[in-house]
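Visitor: okay, sequence plus prediction incoming.
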Amino acid sequence: MDRPIVEAMFRRLWPADRLVATADQLHAAGLGTRFISDGVRMGLLVRLRRGVYVPRYRWTGKPPWQQAKIRLAAHIAVSHGALVYTHFSAARLHGLHTWDCPADIHANAGYQSSLRGSSADVKLHNFEIPPGDIVRKFFAGIGTTQFTDLARTVLDCAMTASFAQAVVIGDSALHHGLTMEQLNAALMAMGGRKGVKMARKVVRALNALSESAGESRTRLIMADLPIPPPELQITLTVDGDDYRPDFAWREAKLIVEFDGNGKYFDYTSTPDALIKERERESALMEQGWTFVRLKWKHLENPEQVCARIFAAYQRAVGARAA
């Protein structure tokens with residue numbers, strides 16, 4: 001069958017309410033087995049799991065973290081509600097930042113022996129989860145699924161992930177409304193479970209004021225500096241406008257900004273917002289503030305980041321004392 005015909009059929013008949021679709025759903029929409037096979041062979045469909053597909057145009061070019069969410073949607077499509085998603089998978093379902101986290105799917109099967117066997121990218125757990133730690137939610141294009149609540153998700157990740165991965169997830173959860181009181185209560189309920197010591201360390205390091213994975217990573221890197229810790233997201237008024245730098249030392253008039261966020265204000269278009277951002281920065285510099293700007297590539301060399309900030313802090317303090 002000709003590629004243009006197959007492509008047109010998929011675009012016209014793909015179930016409008018599905019991000020990914022099972023073979024049965026495609027059959028019900030009028031796309032038979034031959035169309036599906038031709039679509040895979042021609043590269044129009046990506047087979048995510050046995051019997052689950054996504055159109056190539058929804059897959060190609062997506063960053064890894066978005067592809068991880070699509071793979072999770074494919075697993076949900078075939079789990080039939082029998083699993084509770086946990087760890088990184090639950091974090092993705094909550095919409096949390098999952099910096100540098102593997103795309104493996106984590107789910108709890110309880111003690112259902114029939115679900116023990118699975119593919120290499122699925123980590124099945126079999127511990128007991130209290131009903132109060134489980135949320136059930138409908139996702140457009142995916143369906144209804146169960147996953148651990150925010151507090152349980154953060155702690156599960158804290159006990160198994162790297163320290164930096166877990167802090168990024170925990171900061172994001174606090175930014176999504178989780179409170180430290182809820183988190184500490186959940187931590188107490190964990191008792192002596194393996195990994196609790198690391199979870200306590202992660203919880204102590206969290207900060208709800210970090211608004212992105214990059215800000216969380218920057219904060220952790222700066223924790224090694226032999227200078228006072230910065231304030232986060234303080235409000236500075238410049239020419240009648242409020243400006244909220246990521247990190248600031250008032251006594252030194254030093255600001256550190258992480259620029260990998262697309263973090264601009266007032267819902268204006270990016271070019272206009274960027275111009276306003278730079279105008280505020282210029283006004284602050286006229287008031288004696290200095291800036292260190294960081295991007296993702298800089299965070300790959302923490303020692304260099306620390307050296308830049310330490311040198312900038314010393315210069316700023318020296319200038320204030322002169």
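Guide: Ah, there it is. Numbering: from 1, shown residues only.

Visitor: count of neighbours near K62?
Guide: Neighbour count of K62, defined by other CB atoms under 10 Å: 13. For glycine as for every other residue, the C-beta is placed from the backbone atoms N, C-alpha and C.

Visitor: element containing the nearest residue to it once chain neighbours are set aside, please.
Guide: By the measure of CB to CB, 6 or more residues apart in numbering, the closest residue to K62 outside its immediate chain neighbours is I70, 7.1 Å from it. In this assignment (DSSP states H and E), I70 forms part of helix 64-79.

Visitor: how about V40?
Guide: For V40, the element it lies in under DSSP H and E is helix 33-41.

Visitor: could you measure from the residue nearest to K62 over to I36?
Guide: For I70, the distance to I36 equals 18 Å [CB to CB, to the nearest Å].

Visitor: who has more neighbours, those two?
Guide: When I70 and I36 are compared on other CB under 10 Å, the one with more neighbours turns out to be I36, at 21 against 18.

Visitor: distance of the residue nearest to K62 from E303?
Guide: Using CB to CB, which is the criterion applied here, I70 is 36 Å from E303.

Visitor: by contact count, what packs against the helix or strand harbouring I221?
Guide: Taking DSSP H and E as the criterion, the element that holds I221 is helix 213-222. For helix 213-222, the helices and strands in contact under the criterion 3 or more CB pairs under 8 Å, 6 or more residues apart in numbering; DSSP states H and E are helix 163-175, strand 247-249, strand 254-258, helix 296-299, helix 302-321.

Visitor: my read: G177 touches A151, true?
Guide: No: in terms of CB atoms under 8 Å, G177 does not count as a neighbour of A151; the distance is 10.9 Å.

Visitor: can you show me the helices along the chain?
Guide: Residue ranges of the helices in the chain, as given by DSSP state H, are 3-13, 23-28, 33-41, 64-79, 87-94, 150-160, 163-175, 180-189, 196-205, 213-222, 270-286, 296-299, 302-321.

Visitor: so G288 touches K253, yeah?
Guide: Yes: with contact defined as CB under 8 Å, G288 counts as touching K253 (5.0 Å).

Visitor: show me the shaky parts of the stretch 101-250 of the chain.
Guide: Screening the stretch 101-250 of the chain residue by residue with the criterion pLDDT under 70, one finds the ranges 111-118.

Visitor: change it to 90
Guide: Low-confidence segments of the stretch 101-250 of the chain, defined by pLDDT under 90, are located at 109-120, 127-128, 190-194, 237-242.

Visitor: hang on, the earlier thing: do you know which of the helices of the chain lies nearest Y243?
Guide: Proximity of the helices of the chain to Y243 was assessed by CB to CB; the nearest stretch is helix 270-286, lying at 4.6 Å.
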